[in-house]
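J.: no sequence on hand, only this structure:
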């Protein structure tokens, strides 16, 4: 695989009459997919940046293939972006051509994108005859994939032909064979769908079933309709599927395996039991430098261990020193918060292909020859790594430092919870207070919630939320990850119902206008009012 390209893998399917792609009532053999890609490749030149602004439709797959065969680059454009942010994404990535459709073209109206051409795929005339593939190298950039933006402004991650090809050969590890049917409902503009599904399906010659966009209620019907055996997920997709009404025959389906990241231990167990499939949970990112894999011995809440040859540590982001190993109480609660640091790859910096035209972001990731993930974590004495949140997910309450993810793991056990998010909000005097946003199956019962918290033996003494916001639906990034930024900005002054814990006791009261006003005045009396406007 030293110099194998994704174009090589695609061309290996050129004469393959096996069904390669299914979408709604459409079906294409792999040979037809490759021919469609070669036709579109005739519209591209080596090095061309083509922005694709589409839902998960066959044209998206064809243009990824076209870029691979032409030596061009596909820029995955996030259709949930709007206005000047959308225009800035396109300008930043130097898109010369934008492929979209009539439904999405209106998003571009009046915007200075810098692109010379816009092609409406649904109105496109017959493409030119199939072009001869260009000579491409494993180091050639194939994809520019924007990060999810859950912790700041999105950045465009480079992915070369060789890296995507090397990921594709992991199909055997995922159980993907020629007889498999993989299901892509996660957006193709994000690395999870391309790397954890499409590329591996190309390598194995499996069938790909596409859905325009993720639907929790449509998941099981699609599995049964297409005979899906494998699907990929990211963020809270499993939680949303589990929130749909269950039926005794849910396990009567073809699903064999799922692969993804960031599902809770409770959701993993419930999903596997309900749908009768194997779940492969891992840790990774579009940047591709660090991966962690679960082993049979991995504790339920842990991310796992690095693959052979990959050295990963948890380092103090200020000093660069390794953090102490985590110690737990009898209920697996973390005893030493100083064990939390940043997850760092010690020998993988060369695998990071960089952000496009963003040397400052590159420098934040690679320092002193090490790759700093930006994610918080800790490692136990046996070497298993645990996720502790994003870099912005640290809290400091009454001089005690801790991370949001362990608190979220506790709250997610409450049976009423569909999804939860924990984040810091300022304290009127000093430090932070814990705030939680909860999306629930039904109405919020403050007494039941307090009783639940009191019964959790691993709930840290500072972890109980001071504020609880009940949201009708959790704000998500386009890739299904919780977006905490709007939650933090609105803090307790939100239109949604907010409950608060006025004292030390686990007792919650509805936060009314008078109390909210008094709370804001308390910030003013301590000279910290500005904190409420700079979140």
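T.: Nice, thanks for sending it over. Source: prediction; values computed, not measured.
J.: can you give me the domain boundaries for the protein?
T.: 6-286, 400-532 (automatic domain parsing).
J.: right, so of those, which gets closest to residue 370?
T.: domain 6-286 (15.6 Å; CB to CB). (Glycine included, C-beta is placed from N, CA and C.)
J.: now do the closest one: distance from first to last residue.
T.: 17 Å (CA to CA, to the nearest Å).
J.: name every strand pairing with the helix or strand of the chain with the lowest mean pLDDT and say which way it goes.
T.: Of all helical and strand segments in the chain, the minimum by mean pLDDT, DSSP states H and E falls on strand 400-403, at a mean of 77. For strand 400-403, the pairing partners within the sheet under DSSP bridges are strand 394-397 (antiparallel).
J.: so what touches the partner strand?
T.: Residues outside strand 394-397 that contact it (CB atoms under 8 Å, 6 or more residues apart in numbering): 340, 376, 401-404, 424, 427, 431-434, 462.
J.: buried residues, it. List them.
T.: 394-395, 397 (16 or more other CB atoms under 10 Å).
J.: how about residues contacting the least confident helix or strand of the chain?
T.: In contact with strand 400-403 (CB under 8 Å, 6+ apart) are residues 334, 337-338, 340, 376, 388-389, 393-395, 460-463.
J.: and what of stretch 505-518?
T.: 446, 449-450, 453-454, 464, 467-468, 492-493, 497-502.
J.: quick one: end-to-end distance for that stretch.
T.: For stretch 505-518, the end-to-end distance is 20 Å (CA to CA).
J.: averaged pLDDT, it. What do you get?
T.: Averaging pLDDT along stretch 505-518 gives 93.
J.: check which residues of it are buried.
T.: For stretch 505-518, by 16+ other CB under 10 Å, it's 506, 508, 511, 516.
J.: cool, stretch 114-132 as well?
T.: Buried residues in stretch 114-132, defined by neighbour count with 16+ other CB under 10 Å: 115, 119, 121, 127, 130-131.
J.: also stretch 363-382?
T.: So, applying 16+ other CB under 10 Å, buried residues of stretch 363-382: 365-366, 370-380.
J.: quick check, nearest of the contacts of strand 400-403 to residue 347?
T.: residue 376 (20.8 Å).
J.: quick one: contacts for that closest one?
T.: Residue 376 neighbours (CB under 8 Å, 6+ apart): 340-343, 387-391, 393-394, 403, 405.
J.: in helices, which of the residues you listed appear?
T.: If you go by DSSP state H, these have residue 405 in helices.
J.: so how far is residue 202 from the closest residue to residue 39 other than its chain neighbours?
T.: Setting aside the residues directly before and after it, residue 39 is nearest to residue 127 in space (CB to CB, 6 or more residues apart in numbering), at 3.7 Å. For residue 127, the distance to residue 202 (CB to CB, to the nearest Å) stands at 20 Å.
J.: just residue 423 next, same as before
T.: Taking CB to CB, one finds residue 423 at 39 Å from residue 202.
J.: of these two, who's got more company?
T.: A count of neighbours by other CB atoms under 10 Å puts residue 202 above the other of residue 423 and residue 202, at 27 against 23.
J.: that one in helix, strand or coil?
T.: helix (DSSP: H, G, I helix; E, B strand; the rest coil).
J.: do the same with residue 74
T.: Once three-state DSSP is applied, residue 74 turns out strand.
J.: can you check residue 437 too?
T.: With three-state DSSP as the criterion, residue 437 reads strand.
J.: still on that earlier bit, mind giving me the ChimeraX select for the contacts of stretch 505-518, buried ones only?
T.: Applying 16+ other CB under 10 Å to the contacts of stretch 505-518 leaves a buried subset, and the ChimeraX line that selects it is:
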select :449,450,453,464,467,468,492,498,499,500,501
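J.: which one of the contacts of stretch 505-518 is nearest to residue 193?
T.: Once CB to CB is applied, the member of these that ends up nearest residue 193 is residue 468, at 33.8 Å.
J.: before we move on, back to that, ok, the contacts of strand 394-397 vs residue 141, which is closest?
T.: For these, the nearest to residue 141 is residue 376 (30.1 Å; CB to CB).
J.: wasn't that closest one part of a strand?
T.: Yes - assessed with three-state DSSP, residue 376 lies in a strand.
J.: count the neighbours of the residue lying closest to it once chain neighbours are set aside for me.
T.: Once flanking residues are discounted, residue 376 sits nearest to residue 388: 3.9 Å by CB to CB, 6+ apart. As a burial measure, residue 388 scores 26 neighbours (other CB under 10 Å).
J.: tell me if I'm right that residue 388 and residue 338 touch.
T.: No - Residue 388 is not in contact with residue 338 according to CB atoms under 8 Å; the separation is 11.9 Å.
J.: so where is the stretch 401-535 of the chain shaky, pLDDT-wise?
T.: Within the stretch 401-535 of the chain, the segments meeting pLDDT under 70 span 526-527, 530, 533-535.
J.: low-confidence stretches in this structure?
T.: Within the chain, the stretches with pLDDT under 70 are 1-2, 148-154, 399, 526-527, 530, 533-535.
J.: please repeat the previous calculation with a cut-off of 50.
T.: For the chain, residues meeting the criterion pLDDT under 50 lie at 150-151.
J.: now the contacts of strand 394-397 as TSV including distance to residue 137?
T.: TSV is the format used below for those (distance: CB to CB, whole Å):
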residue	distance to residue 137
340	41
376	37
401	47
402	47
403	42
404	42
424	46
427	55
431	52
432	49
433	53
434	51
462	53
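J.: between those residues, which is closest to residue 247?
T.: Using CB to CB, residue 404 comes nearest to residue 247 of the contacts of strand 394-397, at 34.2 Å.
J.: distance-wise, check the closest one relative to residue 204.
T.: Computed as CB to CB, the residue 404 to residue 204 distance reads 38 Å.
J.: thank you kindly, that will do.
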